[in-house]
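> The sequence and its predicted three-dimensional model are supplied below.
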Amino acid sequence: MRKPSSDARILTAGALDAPVIAALQNDVFRDEPWPASDIANLVQGPGALALLAAGRAYGEVMPVGYLLARLAADEAEILSLGVLADARRQGLGARLLAEFLAKAQTRGAGRAYLEVAADNAAAIALYRDAGFEEVGRRAGYYTSRGPAPVDALVLSRDLSFA
C-alpha cells in the first residue's frame, strides 16, 4: 500500500467537514472521542478556526490531518491537532501548525496557547520547534491514557513574530 502523500493541501474547514474531522480525531486520539455534533458546534461558534489537510493516497484524495482552534480577544487556543499514523513524519503537523499561526495572527491574536500530554514527545517537539514554551502544568489532567493519569503541559508562544 502507498502512504498518503506529503503534498497535502491545507484547507479551511467548516461545519460540513465535522464528520470527517471527528473521524480523524477519533482515529488519532482513540481515548478521547469527540462526536461530530460537538465538532460542528465548535466550528460554527464565534472565533472558531478549523483546518483540514487532504492528500492523495490509494488513488484518491483523502483527509489525513486536522487542527481545531478558537480565538477570543487577542488569544488563540489550539484545541486539537492530529495527523493519521500513515501520514506522519512528512511535515503535515508542522504545516497545519504554521497555517494556524498565520491565520491567528491575521485575526489579531497576539498569543497562542495549547495543552499537550506530557508523555507525547513527538507533539512536544513539534510545538517547541514552532516556538512554543511551557508556561504551566496540569497534574493528572489526562485520565483515560492508561493506568495512571498523565500531566498536561500548557504551552504558549508570542505571535508578534509569527
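Done, it's in.

> which residues does the residue lying closest to I10 once chain neighbours are set aside contact?
Leaving aside its chain neighbours, I10 sits nearest to E99 (4.8 Å; criterion: Cβ to Cβ, 6 or more residues apart in numbering). (Glycine included, C-beta is placed from N, CA and C.) For E99, the contact set (Cβ atoms under 8 Å, 6 or more residues apart in numbering) comprises 10, 51, 67.

> Using TSV, please lay out these together with pLDDT, distance to A36 and secondary structure.
What follows is the contacts of E99, written out as TSV (pLDDT from 0 to 100; distance: Cβ to Cβ, whole Å; DSSP: H, G, I helix; E, B strand; the rest coil):
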residue	pLDDT	distance to A36	secondary structure
I10	91	21	strand
L51	95	17	strand
L67	96	17	strand
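
> Which of these sits closest to V28?
Proximity of these to V28 (Cβ to Cβ) peaks at L67, which lies at 11.5 Å.

> neighbours of N26, just the number please.
Look at N26: counted by other Cβ atoms under 10 Å, it has 16 neighbours.

> Just the element for it, please.
helix 18-28 (DSSP states H and E).

> starting at the chain centroid, how far to that helix?
In terms of Cα atoms, centre = their mean, to the nearest Å, the centre of helix 18-28 is set 11 Å apart from its chain centre.

> Kindly report the same for stretch 68-80.
Per Cα atoms, centre = their mean, the centroid offset for stretch 68-80 relative to its chain is 11 Å.

> Could you tell me which residues within that stretch count as buried?
Using 16 or more other Cβ atoms under 10 Å as the test for burial, stretch 68-80 gives 68-71, 75-80.
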